[in-house]
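J.: Dropping a prediction and its sequence here:
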Amino acid sequence: MIIEQFEDKNLAHYSYAIFSDGEIALIDPARNPEPYYNFAKAHNAKITSVIETHPHADFVSSHLEIHNYTSATIYVSKLVGAEYPHQTFDDGDEISIGKIKLKAINTPGHSPDSISILAVDEQGVEQAVFTGDTLFIGDCGRPDLREEAGAITASRSQLAKQMYHSLRDKLIALPNHVMVYPAHGAGSLCGKGLSSQNSSTMGAEKIGNWSLQPLSEDDFVNQLLADQPFIPKYFPFNVGINKKGATSFSSAVSSIETRPPFTYTGCDFVLNKDVLIIDTRPQEKFKQSHLQNSINLMDDVKFETWLGSIVNPGEEFYLVAESNEVIEQLLQRIAKIGYESQVKTAFVLNLGDSESPLFNSALLLQNADAFTIIDIRNYSETKSDIIFSNAINIPLHQLRERVAEIPLDKPILVHCAGGYRSAAGASIIASAVSSRQQVFDLSVAVNQFKHKALA
């Protein structure tokens, strides 16, 4: 038995290929199926099975595309209510892959329809468990994503209780040597304290994972529900796509219209002023020249997550980048969260019609009360790290909907922790208020202010 792990760093997602005697089973495949086809070709093997641990919220899976291309059988819990061709895979069910067996374990908690998959080798020894979003390294899955999405919904408290019993009645009983392979690692929003390790053992998790420690059900539920990260707008949307099955990755990307380099004075098409503009260029270039009403969402490791947190499912947008090569990469990343049909046009921008004012940080150090300061960090961040006592805290993912709460009687300063979010936040506010209102990105000055406060 060979287990191959595939990692998507942008979404902190792990998928798997399990190979035995010329056959391959895939678990939780990413949107682009090409790496799995390459793996099968390298091992002169056939993909015969695709297993989905649950309908994913944070990425679009290629399970249906792989089925259509390879005739592999898709296995999923009967509770999913899957709308694609499939066979149900629940407690007591097992399938053979070459000389090994894969057994289904129903492990609700992250979702009502979650399963884990236990791999039993050629000698009948339990070797690995693929836990999906149920058990992570150092943590367990969040229970608050299925209150309004999927064929079966459940309250977060109900799912937290199910998680308590799934971990204790099902997974903790596995032998200590069994390898643990989760669907996500550090950086994923599917949990709150995921390790940077990409695998572990049940023995190590029984010692070091808080969710497997001796706790009462009430204490476990309270601890699990506390301080979970925010839920991006695209999460429920992706659950629906994965329940139905997505279109092919290549056709999705190739269907997006792209244009040659654009200048606002010499373009060959007219922009619809009612359509959002997502400008992915570095903030220095954006500040020098951009199109009016653009949002500066830079090409960064978390681009997909922030795009799906700021832009609503179904909302059209123009995509702006600094080169055609970047456009090609971004379109593939956009397809990973199922937003490809929302890109109205993608183009390179050479010259815009607006610029962003630069901020003199000395003014803030002299008198912070002269400004309206907007802290767009998440509540969990501001809870333990207050930088400006007079700041208004509106997390970035809520900002477009809450701009009207911002007073306009002073210049507005926007800050986050490192500068990526403040660039986006300042551009969101600037696009929503009068052009006469001064809106500044405070990313540089925050550090200066903190150093002065500590001196």
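T.: Now that the structure is in, tell me what you want to look at.
J.: just for the stretch 51-200 of the chain, where's the confidence low?
T.: For the stretch 51-200 of the chain, applying pLDDT under 70 flags no range at all.
J.: how about the helices in it?
T.: In the stretch 51-200 of the chain, the helices defined using DSSP state H, counting those that start in this stretch lie at 63-70, 156-165.
J.: Now tabulate these in TSV and tack on mean neighbour count.
T.: (Glycine included, C-beta is placed from N, CA and C.) Listed next are these as TSV, based on neighbours: other CB atoms under 10 Å:
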stretch	mean neighbour count
helix 63-70	20
helix 156-165	20
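J.: so which of the ones you listed comes closest to Lys344?
T.: Of all those, helix 63-70 sits nearest to Lys344, with 24.4 Å by CB to CB.
J.: got the contact list for the closest one?
T.: With CB atoms under 8 Å, 6 or more residues apart in numbering as the test, helix 63-70 has contacts from 26, 29, 33, 36-37, 46-48, 50, 52, 72-74, 84-85, 242, 245-249.
J.: Pull out the buried residues from these.
T.: Buried members of these, counted by 16 or more other CB atoms under 10 Å: 26, 29, 33, 36, 47-48, 50, 52, 72-74, 84, 242, 245-249.
J.: between the helices of the stretch 51-200 of the chain, which gets nearest to Ala426?
T.: The minimum distance between Ala426 and the helices of the stretch 51-200 of the chain falls on helix 156-165, with 33.2 Å, by CB to CB.
J.: Which strands or helices does that closest one pack on?
T.: In terms of contacts (3 or more CB pairs under 8 Å, 6 or more residues apart in numbering; DSSP states H and E), helix 156-165 is packed against helix 217-225.
J.: before we move on, the earlier item: wait, which of the helices of the stretch 51-200 of the chain is closest to Asn106?
T.: helix 156-165 (9.8 Å).
J.: quick one: buried residues of stretch 31-42?
T.: 31-33, 36, 39-40.
J.: Just the C-alphas of it, formatted as CSV.
T.: Presented in CSV, the C-alpha positions along stretch 31-42 are these (Å, rounded to 0.1, in the frame of the first residue of the first chain):
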residue,chain,number,x,y,z
ARG,A,31,-10.8,21.0,-8.0
ASN,A,32,-7.9,20.3,-10.5
PRO,A,33,-7.7,16.6,-11.1
GLU,A,34,-4.5,16.6,-13.1
PRO,A,35,-2.1,15.7,-10.3
TYR,A,36,-4.1,12.6,-9.6
TYR,A,37,-4.1,11.6,-13.2
ASN,A,38,-0.3,12.1,-13.2
PHE,A,39,0.1,9.9,-10.1
ALA,A,40,-2.0,7.1,-11.7
LYS,A,41,0.1,7.3,-14.9
ALA,A,42,3.4,7.2,-12.9
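J.: what is the mean pLDDT for it?
T.: On average, the pLDDT along stretch 31-42 is 98.
J.: which other residues reach it?
T.: With contacts defined as CB under 8 Å, 6+ apart, stretch 31-42 is touched by 4, 6, 15, 17, 19, 24, 26, 29, 46-47, 59-62, 65-66, 69, 246, 249, 332, 335-336.
J.: Can you pull the poorly scored residue ranges out of the stretch 201-350 of the chain?
T.: Across the stretch 201-350 of the chain, the ranges flagged by pLDDT under 70 are 260-269.
J.: list the contacts for the closest residue to Phe220 other than its chain neighbours?
T.: Leaving aside its sequence neighbours, Phe220 sits nearest to Tyr164 (CB to CB, 6 or more residues apart in numbering; 4.7 Å). Neighbour list for Tyr164: 109, 215, 217, 220-221, 224 [criterion: CB under 8 Å, 6+ apart].
J.: Distance-wise, check the residue of the chain positioned farthest from its centre relative to Thr107.
T.: Most distant from the centre of the chain: Gln366, at 39.7 Å, with distances by CA atoms, centre = their mean. Taking CB to CB, to the nearest Å as the measure, Gln366 falls 57 Å from Thr107.
J.: Next up, the contacts around the residue nearest to Met163 when sequence neighbours are not counted.
T.: Distances taken as CB to CB, 6+ apart place Gly109 nearest to Met163, at 2.6 Å, with adjacent residues excluded. Contact analysis of Gly109 by CB under 8 Å, 6+ apart lists 134, 140-141, 143, 159-160, 162-167.
J.: which pair in those spans the largest distance?
T.: Across the contacts of Gly109, no pair lies farther apart than Gly141 and His165, at 13.9 Å, counting by CB to CB.
J.: Going along the chain, name the strands of the stretch 101-250 of the chain.
T.: Here the stretch 101-250 of the chain has its strands, by DSSP state E, counting those that start in this stretch, at 115-120, 126-132, 179-182, 200-201.
J.: closest one to Lys192 among these?
T.: Taking the strands of the stretch 101-250 of the chain one by one with CB to CB, strand 179-182 is closest: 14.0 Å.
J.: quick one: pLDDT of the residue farthest from the centre of the chain?
T.: pLDDT recorded at Gln366 is 79.
J.: Would you check how far apart it and Gln437 are?
T.: Here the criterion is CB to CB. By it, Gln366 lies 21 Å from Gln437.
J.: which residues touch Phe220?
T.: Shown in contact with Phe220 (CB under 8 Å, 6+ apart): 160, 163-164, 211.
J.: quick one: it from Gly308, how far?
T.: The gap separating Phe220 from Gly308 is 30 Å, by CB to CB.
J.: cool, and Leu64?
T.: According to CB to CB, Leu64 and Gly308 sit 21 Å apart.
J.: For the stretch 351-455 of the chain, which segments are assigned as helices?
T.: With DSSP H, counting those that start in this stretch, the ranges of helices along the stretch 351-455 of the chain come out as 361-366, 379-384, 399-402, 420-432, 443-454.
J.: So for Gln292, which of these sits nearest?
T.: Of the helices of the stretch 351-455 of the chain, nearest to Gln292 by CB to CB is helix 420-432, at 7.6 Å.
J.: Out of the contacts of stretch 31-42, list just those in strands.
T.: Filtering those for membership in strands, criterion DSSP state E, returns 4, 6, 15, 17, 19, 24, 26, 46-47.
J.: can you give me the strands for the stretch 251-400 of the chain?
T.: Counting by DSSP E, counting those that start in this stretch, one finds strands in the stretch 251-400 of the chain at the ranges 258-263, 276-279, 294-296, 317-321, 343-351, 372-375, 392-393.
J.: Packing partners of the shortest one?
T.: Translated: strand 392-393. Here strand 392-393 touches strand 372-375, going by 3+ CB pairs under 8 Å, 6+ apart.
J.: Repeat the analysis, applying 6 Å as the threshold.
T.: Applying 3 or more CB pairs under 6 Å, 6 or more residues apart in numbering; DSSP states H and E, one finds that strand 392-393 contacts no other helix or strand.
J.: what's next to that strand, contact-wise?
T.: For strand 392-393, contacts defined as CB atoms under 6 Å, 6 or more residues apart in numbering pick out 374-375, 382.
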